[in-house]
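Novice: below are the sequence and a predicted model; questions follow.
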Amino acid sequence: MDLESFKKEYIVKTELGIDDGYGRILVVLDFGNVDYWFSDDRQDADNKALANDEKLAVSMEKLNGFCSLFSKHIRFYYGHDSEKEGSLRFIAAARHIFGKSRVFTKPIQKIRHHLKLNEIAGNTRATYEDPDGTYVYIPKCNFDVEISVDTIRLMESYDTLSLFSGDADFISLARFLRKKGNDKKLLLFKGGNITADLRNISNRVINAQSIKRHIAEVRKQKPGS
């Protein structure tokens, strides 16, 4: 066994606990969830403090490489804002990294949210006024339906669903796959807290902090961010 093969086997079987019993694994990346996993971290993967102008962020290149260690089928879901060039560049980069046919996107919706008095002081978004008061636009793009439909449609092509999300809305999907899908396994990668129901229905739950060194990188903060 060469060094790369040994490293791969060590990470997959020893660190992650993914053995041959998981069979064919379908990875579903709900990147709108994953993107914020380390946003509050002030230390890197080696517990070294970040500088004031640094932040820890998920690298798409590292994320793809990590998932490729245990899966040949990776699907990436993320919304885009057609009015922002940076958003379109991001989707183009995702297609280059994961493959054009593996990236699924749709326009981000901008939801009007009226600010309460205690929210106004800490607000950093552009504000607008209408007869009901001061409001901001909050971007929202939920892929729960698309992910559920795709994982059911592709049910015969995998034995384990590896879900990168802690969204409790996926409990119904997991129950369906366990009951109707030839006892599919669920491998859950999560960032924050999850419900007891989602934890209990998962075959294995892996905390984002335990894979930080594999998927995150230190970046410079943009001025004013």
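Specialist: Looks like it came in fine.

Novice: give me the low-pLDDT residue ranges for this structure?
Specialist: Applying pLDDT under 70 to the chain picks out residues 1, 180-182, 223-225.

Novice: the longest helix in the chain is where?
Specialist: helix 85-98 (DSSP state H).

Novice: which one in this structure is furthest away from the centre?
Specialist: Residue farthest from the centre of the chain, counting by Cα atoms, centre = their mean, is P131 at 37.8 Å.

Novice: relative to P139, how far out is A92?
Specialist: 19 Å (Cβ to Cβ, to the nearest Å). Any C-beta I mention is one placed from the backbone N, CA and C, and that applies to glycine too.

Novice: can you list contacts of the top strand by length along the chain?
Specialist: Scanning the chain for the longest strand, with DSSP state E as the assignment, gives strand 133-140. The set of residues external to strand 133-140 that reach it, using Cβ atoms under 8 Å, 6 or more residues apart in numbering, is 79, 81, 108-115, 120, 123, 125-129.

Novice: okay, stretch 116-136 in CSV with CA atoms only?
Specialist: The C-alpha trace of stretch 116-136 is given here as CSV (Å, rounded to 0.1, in the frame of the first residue of the first chain):
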residue,chain,number,x,y,z
LYS,A,116,-37.8,45.3,15.8
LEU,A,117,-36.5,48.1,18.0
ASN,A,118,-33.9,45.8,19.6
GLU,A,119,-32.6,44.8,16.1
ILE,A,120,-32.0,48.2,14.6
ALA,A,121,-28.9,49.1,16.6
GLY,A,122,-27.0,46.0,15.6
ASN,A,123,-28.2,45.8,12.0
THR,A,124,-25.5,46.0,9.3
ARG,A,125,-27.7,45.5,6.2
ALA,A,126,-29.1,48.3,4.0
THR,A,127,-32.4,49.5,5.4
TYR,A,128,-35.6,50.6,3.7
GLU,A,129,-38.8,52.2,4.9
ASP,A,130,-42.5,51.4,4.2
PRO,A,131,-45.7,52.2,6.1
ASP,A,132,-45.0,49.3,8.5
GLY,A,133,-41.5,50.6,9.5
THR,A,134,-37.9,49.9,8.8
TYR,A,135,-37.0,46.7,7.0
VAL,A,136,-34.1,44.8,5.4
